[in-house]
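1. return a 3D structure for these sequence lines:
(2 chains, ligands or ions: 3)
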Amino acid sequence: MKQAKLKVATCSLAGCFGCHMSFLDMDEAIIPLIEKIEFDRSPLTDIKSLSDCDIGLIEGGLCNEENQEILHQFRRHCTILVAVGACAINGGVPAMRNHFSLQECLEESYIRGLGVVDPQIPNDPELPRLLDKVLPIQSAVMVDYFLPGCPPPAAAFLEIINAVLEGRPPQLDYPNRRFD
Amino acid sequence: MSNDLQFSLDGVSVCFEKGETIMQAAQRAGIYLPHLCFHPDFSAHGSCRVCIVHLQGKTVAACTQPAESNQVVQSNTPELQKARLRLIQLLFAEGNHYCPTCETSGNCQLQALAYDLGMTHYHYDPFMPERQTDGSHPDLFIDRDRCIQCDLCGRASAEYDGKAIYTLSGRGQNTQLVFRSPSGLLGDTNAGADDRAAHICPVGCILPKTGNYQEPIGTRLYDHHPIHDIGNLRKEERGGSS
Ligand code: SF4
Ligand code: SF4
Ligand code: SF4
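-> Numbers count the residues shown, from 1 in each chain, chains lettered A, B, ... in the order given. Ligands and ions are numbered 1, 2, ... in the order given. Next up, the predicted model:
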């Protein structure tokens, strides 16, 4: 009998989508892979609601309240949660704002920034509220596996999915263990 | 004669000369013991603890422990590698290390040890310290976020350059890199860009102001070669190891 496909959900929190791009960068290796997995909620499918999944791949850290909410949803629905990339693991480039207060960051971007016209700090109620500090995802939820890198190489994504399919812990070899 | 001047390191017999430490003898024998704050040209500091070894029931730092005849020393054990991994993770958590933005990435000894020990994440909550940068020097830039307080710059400055400009001040979590000038700025010292101290940092804290970010990924020291194979190298000293 054919093995049930692994359900994979992905999201980008405070990330740049570079990790998603790297996932797709596995070239022809994606063809046998789509025989084994199906995507649930993901920017790759544009499915907006999350059902129970085998793997949740989280790109990006936590920079606002919406990120927190989505992360907790993923934790509730995914058997295995993976922190993907430097931003999810230590906040990454967005966390470089942690040196400054939130107010300083907003003023620098929207009031004093180069070329700003009609300076004002956005305050539409639909905008998610920013957190004081950008945080790694394991500060809020239990994380099962970590894929370091900015972004992690495509082979590292492949390894984590194959490991889950084969019921073993992932083994990232030297070229796939990198922080940049 | 000197036949009794030997000890066992991971089951291999290592010769030493009187007065040598376990680290010095291992280096001469071509055996790599993981380390960060040790450098063969300077006095030992014993602060990073990455070179811990088991010596007859005790855990000691190989860079400060004198070699003695018939010692039985273990270094490459799962327990010690795990302890080293935790030490490296703690160093990452104590500073602010955003490798994708760092000029030293790929040539960094802290990162290389992390790769070698299989580190994928911090294990500890990041401390997120707020540390000052210093761009006051015409040729050098200081990013204290990446300082691991190994005092190699301090030792190079005092013992080699004869200037004693760089040093560490404060205790525990508040320890930080400082410069001996009335203003505390590097630009107000007689630090030179050619000083040994300016080229000794094992991480990306003391950097030249020009010529950065030119090395393509894939050609850097540790892109393909683990640190246990090629040693603690710096960009400028490819070929020699310490
Ligand atoms: S880790 Fe790098 S590639 Fe991934 S989201 Fe962050 S910045 Fe983008
Ligand atoms: S000093 Fe090393 S570990 Fe720290 S950010 Fe730079 S490359 Fe990464
Ligand atoms: S600046 Fe570099 S060499 Fe000096 S103490 Fe910090 S990490 Fe060590």
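
2. which stretches of chain A form strands?
-> Ranges of strands in chain A, per DSSP state E, are A:6-12, A:37-39, A:53-59, A:62-64, A:78-84, A:130-135, A:145-147.

3. ligand 1 contacts on chain A?
-> A:15-16, A:18-19, A:59-60, A:85-87, A:92-93, A:150-151 (CB under 6 Å from any ligand atom). In this view, the C-beta of every residue, glycine as well, is placed from N, C-alpha and C.

4. tell me the pLDDT of A:Ile30.
-> Per-residue confidence at A:Ile30 stands at 89 (pLDDT).

5. does it touch A:Ile37 like I think?
-> No - counting by CB atoms under 8 Å, A:Ile30 stays clear of A:Ile37, with 9.8 Å between them.

6. for chain A, which spans come out with low pLDDT?
-> Within chain A, the segments meeting pLDDT under 70 span A:1-2.

7. what sits against the residue nearest the centre of chain A?
-> Note on chain A: the residue nearest the mean C-alpha position is A:Glu59, at 1.0 Å, using CA atoms, centre = their mean. With contact set as CB atoms under 8 Å, 6 or more residues apart in numbering or on different chains, A:Glu59 has these partners: A:10-13, A:15, A:17, A:19-20, A:84-85, A:87-88.

8. what number of residues lie near A:Pro125?
-> The number of residues packed around A:Pro125, counting by other CB atoms under 10 Å in any protein chain shown, is 5.

9. residue contacts, the residue nearest to B:Gln74 when sequence neighbours are not counted?
-> Sequence neighbours aside, B:His54 is the residue nearest to B:Gln74 in space, at 4.2 Å (criterion: CB to CB, 6 or more residues apart in numbering or on different chains). The contact partners of B:His54, by CB under 8 Å, 6+ apart, come to B:73-75, B:77, B:80.

10. spell out which parts of chain A neighbour ligand 2.
-> Within reach of ligand 2 by CB under 6 Å from any ligand atom, chain A has these residues: A:Phe179.

11. at 8 Å instead, please
-> If contacts are counted using CB under 8 Å from any ligand atom, the residues of chain A sitting beside ligand 2 are A:179-180.

12. show the end-to-end separation of stretch B:147-166, please.
-> From the first residue to the last, stretch B:147-166 extends over 12 Å; the measure is CA to CA, to the nearest Å.

13. give the rounded mean pLDDT of that stretch.
-> 98.

14. mind listing what's buried along that stretch?
-> B:147-158, B:161, B:163, B:165-166 (16 or more other CB atoms under 10 Å in any protein chain shown).

15. among those, which are in helices?
-> Using DSSP state H, B:152-155 are the members of the buried residues of stretch B:147-166 that sit in helices.
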